[in-house]
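>>> 3D model of this:
(chains A and B)
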Amino acid sequence: MKNKILSRIYVGLVLMFLYVPIFVLIVFSFNETKSRSVFSGFTFDWYVKLFQNELIMSSLLNTIIIAVIASVLSTILGTAAAVGINNMKKLPRSLTMQVTNIPIINPEIVTGVSLMLLFVFFSARMHFEFGFVTLIIAHITFNVPYIILNVMPKFRQMTPNLYNAAQDLGCSPARAFFKVVLPEIMPGVISGFLMAFTFSLDDFVISYFTSGATSQTLPITIYSMTRRKISPEINSLSTLIFIVIIIVLIVKNIIESRNIKKRSVKTDG
Amino acid sequence: MKRIISVPYLIWMAVFTVVPLIMVAYFAFTDSEGRFTLINVANVSRYTNIFIRSIGFAAVATVICLIIAYPLCYILSKLDRKYQGTVLMIVMLPMWMNYLLRTYAWMTLLGNNGIINQIISFMGFEPVKMLNTSGAVILGMVYNYLPFMILPIYSVMVKIDESVLTAAKDLGCNARAVLFRVVLPSTFPGITSGITMVFVPAISTFIISRMLGGGSHMLIGDLIEMQFLGNAYNPNLGAAISLVLMVIILLIMSILNQFDNEDDRVLM
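Model prediction:
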């Protein structure tokens, strides 16, 4: 009994540590003055200012566009790669997986800096500018490995000769892939895509080194806002992001628990 | 035949992962005119104090994360299965906030006129300087990277078979012996991956040190950033520092792997 109370207190303290900073931001997003310690009155002004702030809105749009393009392209690239890697012999396969692990193991700043060096080298010779394209290339590069890591295990769970069986029964290789293999690995493809999408939305360090002056993503804009002394719009932005995250996670949990129920009904029947 | 469709990916990784790393190495060993030199690598030793500080801060933050996360994961894994998913989601939820925002939150809390100091002076004590101290930087690391310690440890902790613990007790282990001789060894893989997942971002951060350390607690990340985007523009030196950082991280990871392998052997 005593242990139970102690462990509840412990979990409570850790949760407090995790949530107090966020709740303070949320409370002060409704503060009338710019003060960050004294609450003087309730207002929605900072939310209005947030939506009127063109820099924030345009960088939000940029972030979403880049995240969509980068995660879709890396999902295609990564799924194809996983299919190929799965059919490789041992040595090339382990070599490829070593390279796949590089962007995961390397510190973000090193990945960012190394891509920046590459882009500087090419932009000087091929006359292109840092911005949209370099950002998308960088995001694909750090996203693809996660697609592969999500898809590869699905092949291990798959019945091995399904693809051959479909071809024996008259499917063309392409049709056999789309009709038989793809549905089997789909859960991995989707979870990889979602992972890539959130990583893209959230990335600061690699974008910071590869964005140049023209295209900014939301995290870069947030960074430049924190460099200024006080910008209460950050509070209202954090509040909105926090609400979106809660909604997304709750929806995700509901969908997952429904799927589990469905599956258990199926196996029961 | 199907192997061919991984070719675009292989080309992509060669061009955008392998070549850039080769370029880092190339820049590290050349001067601004492209001639071979060892000066950059030699100059890294001038920043030994920054390297020592980064390793120290990251190590302290990693240990604190481990101390906080381990009991938490143990408690979570003992919860009723029905609530485990929900509680874990609540624990992980702050991680989904962008870490710039989370770090900014601490900036406002720790400031000289921040809430914590308001409370302290309200209680009649002198305000304490908290922002721009090394403690603030370490706190920021712990706050941002704690979930990276919780997740791997929790995922091995839930896999421990309850009957193994009962067996250990039946065979005469007291609570402490169960913890040190059964639970701890079987969670070792989780601990080592938690350590790398906290240590690597902590040693290479430049945001946390800049926002909470106020520029007086420079870390390796700040040093690299300054060479590429800051006033001290010198990509050759920056590349050399990055190279040394990578070597340090590889060394630490191979030491951790060593532990992992030994552990496997014992279990077998």
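
>>> Any idea which residue of the stretch 51-200 of chain B lies closest to chain A?
residue B:105 (3.5 Å; CB to the nearest CB). The C-beta positions use only the backbone N, C-alpha and C, and glycine is treated the same way.

>>> doesn't that residue fall inside a strand?
No: remark: residue B:105 does not belong to a strand; assigned using DSSP: H, G, I helix; E, B strand; the rest coil, it is helix.

>>> Tell me if I'm right that residue B:9 and residue A:79 touch.
No: the criterion here is CB atoms under 8 Å, and residue B:9 misses it with residue A:79 at 9.6 Å.

>>> Show residues contacting stretch A:176-196.
A:70-72, A:74-75, A:78-79, A:82-83, A:143-144, A:146-155, A:157-158, A:162-163, A:165-167, A:171 (CB atoms under 8 Å, 6 or more residues apart in numbering or on different chains).

>>> Convert that stretch to CSV, retaining C-alpha atoms only.
Output in CSV follows, covering the C-alpha atoms of stretch A:176-196 (Å, rounded to 0.1, in the frame of the first residue of the first chain):
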residue,chain,number,x,y,z
ALA,A,176,1.5,-9.5,-58.1
PHE,A,177,3.4,-6.8,-56.3
PHE,A,178,0.4,-4.3,-56.1
LYS,A,179,-2.2,-7.0,-55.4
VAL,A,180,-0.4,-9.3,-53.1
VAL,A,181,2.8,-7.9,-51.6
LEU,A,182,1.8,-4.3,-51.1
PRO,A,183,-1.3,-5.0,-49.0
GLU,A,184,0.8,-7.3,-46.8
ILE,A,185,3.5,-4.6,-46.1
MET,A,186,0.9,-1.7,-46.0
PRO,A,187,0.9,-1.2,-42.2
GLY,A,188,4.6,-0.7,-42.2
VAL,A,189,4.4,1.7,-45.2
ILE,A,190,1.7,3.8,-43.4
SER,A,191,3.5,3.9,-40.0
GLY,A,192,6.7,4.8,-41.9
PHE,A,193,4.9,7.6,-43.8
LEU,A,194,3.4,9.0,-40.6
MET,A,195,6.8,8.9,-38.9
ALA,A,196,8.4,10.7,-41.8
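
>>> which of the residues in that stretch are buried?
Of all the residues in stretch A:176-196, those buried under the rule 16 or more other CB atoms under 10 Å in any protein chain shown are A:176-177, A:180-181, A:185, A:188-189, A:192-196.

>>> Now do that stretch: distance to the chain's middle.
Here the centre of stretch A:176-196 is set off from its chain's centre by 17 Å, with CA atoms, centre = their mean, to the nearest Å.

>>> any idea of the mean pLDDT in it?
What stretch A:176-196 shows for mean pLDDT is 92.

>>> which residues touch the residue nearest to the residue of the stretch 51-200 of chain B closest to chain A when sequence neighbours are not counted?
Spatial nearest neighbour of residue B:105, chain neighbours left out: residue A:21 (3.5 Å); criterion: CB to CB, 6 or more residues apart in numbering or on different chains. By CB under 8 Å, 6+ apart, the contact set of residue A:21 is B:102, B:105-106, B:109, B:143.

>>> what about 7 Å?
Neighbour list for residue A:21: B:102, B:105-106, B:109 [criterion: CB atoms under 7 Å, 6 or more residues apart in numbering or on different chains].

>>> got any ranges where chain B has weak pLDDT?
When residues are selected by pLDDT under 70, those of chain B lie in B:1, B:260-268.

>>> For chain A, what is the nearest residue in it?
For chain B, CB to the nearest CB, closest residue to chain A: residue B:6, 2.5 Å.

>>> Now for that residue, how many residues are close by?
Neighbour count for residue B:6, taken as other CB atoms under 10 Å in any protein chain shown: 25.

>>> How about residue B:193?
Residue B:193: 19 surrounding residues under other CB under 10 Å.

>>> now residue B:244
18.

>>> so which strand or helix has it?
Using DSSP states H and E, residue B:244 maps to helix B:235-267.

>>> tell me what that helix is packed against?
helix A:108-126, helix B:19-28, helix B:39-43, helix B:188-204, helix B:220-228 (3 or more CB pairs under 7 Å, 6 or more residues apart in numbering or on different chains; DSSP states H and E).

>>> Check which helices and strands the very next helix or strand once past the fourth one sits against.
Right, the one you point to is helix B:188-204. On the C-terminal side of helix B:188-204, the nearest following helix or strand under DSSP H and E is helix B:207-213. Contacts defined by 3+ CB pairs under 7 Å, 6+ apart place helix B:207-213 against helix B:99-110, helix B:134-157, helix B:220-228.

>>> contact partners of helix B:207-213?
Identification of contacts with helix B:207-213 by CB under 7 Å, 6+ apart yields A:226, B:100, B:103-104, B:106-107, B:131-132, B:136-137, B:140-141, B:144, B:217-219, B:221-222.

>>> switch to 8 Å and redo it
A:204-205, A:223, A:226, B:99-100, B:103-104, B:106-107, B:110, B:131-134, B:136-137, B:139-141, B:144, B:217-219, B:221-222.

>>> Just give me the neighbour total for residue 154.
Picked chain A for this. Neighbour number of residue A:154 under other CB under 10 Å is 19.

>>> you looked at the wrong chain, it should be chain B
Counted with other CB under 10 Å, residue B:154 comes out at 25.

>>> Could I have the CA atoms of stretch A:148-156 written out in CSV?
Below are the C-alpha coordinates for stretch A:148-156, written out as CSV (Å, rounded to 0.1, in the frame of the first residue of the first chain):
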residue,chain,number,x,y,z
ILE,A,148,12.9,1.2,-44.6
LEU,A,149,13.1,0.4,-40.9
ASN,A,150,9.3,0.3,-40.7
VAL,A,151,8.7,-1.7,-43.9
MET,A,152,11.5,-4.3,-43.6
PRO,A,153,10.0,-6.2,-40.6
LYS,A,154,6.8,-6.7,-42.5
PHE,A,155,8.5,-8.9,-45.1
ARG,A,156,9.6,-11.2,-42.3
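
>>> What residues sit buried inside that stretch?
For stretch A:148-156, the buried set under the neighbour-count rule, 16+ other CB under 10 Å, comprises A:148-152, A:154-155.

>>> Check those against chain B and report the nearest one.
Nearest to chain B out of the buried residues of stretch A:148-156 is residue A:148 (CB to the nearest CB; 8.0 Å).

>>> Show me what the mean pLDDT comes to for the helix or strand that closest one falls within.
Secondary structure from DSSP H and E places residue A:148 in helix A:132-157. For helix A:132-157, the mean pLDDT works out to 94.

>>> does chain B sit close to it?
Yes: Helix A:132-157 reaches chain B (CB under 8 Å from any CB of the partner chain) through A:137-138, A:140-141, A:144, A:148.

>>> what angle do that helix and helix A:108-126 make?
Computed by axes from the mean of the first three to the mean of the last three CA atoms, to 10 degrees, the angle separating helix A:132-157 from helix A:108-126 equals 130 degrees.

>>> Which elements pack onto helix A:132-157?
With contacts taken as 3 or more CB pairs under 8 Å, 6 or more residues apart in numbering or on different chains; DSSP states H and E, helix A:132-157 sits against helix A:54-86, helix A:90-105, helix A:108-126, helix A:182-202, helix A:205-210, helix B:7-13.

>>> Next SSE downstream of it?
helix A:162-168.

>>> List the buried residues of that next one.
Here helix A:162-168 shows A:163, A:166 as buried, counting by 16+ other CB under 10 Å.

>>> and what of stretch A:33-48?
A:36-37, A:46-47.

>>> Which ones, among these, also lie beside chain B?
Answer for those near chain B (CB under 8 Å from any CB): A:36-37.
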